[in-house]
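Novice: what follows is a predicted structure for the sequence shown.
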Amino acid sequence: MNEIIKEIEAAQLKENVPVFNVGDTVKVYGKIKEGNRERIQVFEGTVIKKQGGSSRATFTVRKNSNGVGVEKTWPLHSPNVEKVEVVRQGKVRRAKLYYLRDRIGKKAKVKELVK
């Protein structure tokens, strides 16, 4: 039984998974269905959480829109996620950046990782 589930999950995995970490600013290109039409909408923000493994892996992106914090959780291997593009890499020392929810303005920024 367990091997059957693993085979099904392995078939659903994406071939080219984007490499990004918590604290990075990313653009997520998500497919949106409106009636019988389909379009791609870009959601740009900071990755505050990555969790799960294999086909259940998800990541949460947070952005400020008109002064209101908006968070969206995306499945990493979903066919509705067209691609994930890293805009800039962040320098953080935490695995989960929940503290960004309480901060406003410049305090909510993550320092850029300079290589």
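Specialist: It's in.

Novice: buried stuff in the longest strand along the chain?
Specialist: In terms of residue count, the longest strand belonging to the chain (DSSP state E) is strand 37-51. Using 16 or more other Cβ atoms under 10 Å as the burial criterion, the residues of strand 37-51 that qualify are 43, 45-50. Backbone N, C-alpha and C define where each C-beta goes, glycine included.

Novice: the host helix or strand of V70 packs against which elements?
Specialist: Counting by DSSP states H and E, the element that carries V70 is strand 68-75. Strand 68-75 sits against strand 25-34, strand 37-51, strand 58-65, with contacts defined as 3 or more Cβ pairs under 8 Å, 6 or more residues apart in numbering; DSSP states H and E.

Novice: the longest one vs strand 25-34, what angle?
Specialist: Taking axes from the mean of the first three to the mean of the last three Cα atoms, to 10 degrees, one finds strand 37-51 and strand 25-34 inclined to each other by 140 degrees.

Novice: partner strands of strand 37-51 and their direction?
Specialist: The strands beside strand 37-51 in its sheet (DSSP bridges) come out as strand 25-34 (antiparallel), strand 58-65 (antiparallel).
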